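**Student:** predicted model and sequence follow; I will ask about them next.
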Amino acid sequence: MAPDNTPAIECIHVASGYNGTVLMQDINLTIQRGEIVFLLGGSGCGKSTLLKHIIGQVPPISGTIRILGRETTGPQTEAERLATLRSFGMMYQSGALFGNLSVLDNVLLPLREFSGLPEAVCETAARMRLAQVGLLTRANAMPAELSGGQKKRAAIARAMALDPPILFLDEPSAGLDPITAASLDALIYRLSRELGMTIVIISHELASIEAIADRAIYLDRSVGGVLDQGTPHALRTQSPHAVIRAFFNRQAEISPEKEA
């Protein structure tokens, strides 16, 4: 087991891309345990592709990625691969719930598949996750019966099913009204603080970033990696990059080449 001071995630000289297309040439970033970190950047800069590299869905072109000190970009035994997969949960933008399964069975799925626990124990754990996201009373509902916000909560409960120390959330507030989005932000913040989870979020929702982010990391293709990082307040008021100040101050887009 990695020491407690080992970073949750490290990307070291990662070249990011797919099918021969290079999006970023030299990504270097570190995310500490217990942080809520937003990955930002212009459309098409490669945020989602980087996330796929980190979770092992798509290998990076080159470079090193570590999760909880375990290198995931080199050869892994089957036991190491499974340990890596169990160290994080993933919530996709659409929620990606199985429409033919109840909310409870959606959350039960990873427990049945990977935990090896008796069915009764799995069900108790799944109900506990639903209670943590405020959906226990909807356990027997089908995904089509849920509101948009409830679908996101159910997807978070499923991502948490195996009690991972890291959560990845892809556009969790997308398509939600401001009140529902704020409620989801409050849930994400509470889960991080109460459970000590590291939460990495891809989102452009400024209200969410400013409400719950410990740190934001801004990726830009002009530099092939991280352009700047810091607290939302520091990036909004002190970043030397006009494109980042413009992002946080809701101004028209400024390309890095045109910065003053």
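**Tutor:** Here it is on my side, so go on. Numbering: from 1, shown residues only.
**Student:** so for stretch 29-48, what gets flagged as buried?
**Tutor:** By 16 or more other C-beta atoms under 10 Å, the buried positions in stretch 29-48 come out as 29, 31, 33-42, 45-48. Heads up, the C-betas are built off the backbone N, CA and C, glycines and all.
**Student:** near residue 8, how many other residues are there?
**Tutor:** By the measure other C-beta atoms under 10 Å, the count of residues near residue 8 is 24.
**Student:** how close does it get to residue 69?
**Tutor:** According to C-beta to C-beta, to the nearest Å, residue 8 and residue 69 sit 9 Å apart.
**Student:** related to what we said a few turns ago, show me which of the buried residues of stretch 29-48 is closest to residue 154.
**Tutor:** Nearest to residue 154 among these is residue 36, at 20.7 Å by C-beta to C-beta.
**Student:** quick one, grab the pLDDT at the closest one.
**Tutor:** Per-residue pLDDT puts residue 36 at 97.
**Student:** over to the one 10 residues further on?
**Tutor:** Residue 46 carries a pLDDT value of 83.
**Student:** in three-state terms, label the residue nearest to it when sequence neighbours are not counted for me.
**Tutor:** Among residues not flanking residue 46 along the chain, residue 23 sits closest, at 3.4 Å (C-beta to C-beta, 6 or more residues apart in numbering). Assigned by DSSP: H, G, I helix; E, B strand; the rest coil, the conformation of residue 23 is strand.
**Student:** who's in contact with residue 23?
**Tutor:** Residues in contact with residue 23 (C-beta atoms under 8 Å, 6 or more residues apart in numbering) are 16-17, 44-46, 49, 221.
**Student:** before we move on, what about residue 225?
**Tutor:** Contacts for residue 225 (C-beta under 8 Å, 6+ apart) come out as 24-28, 219.
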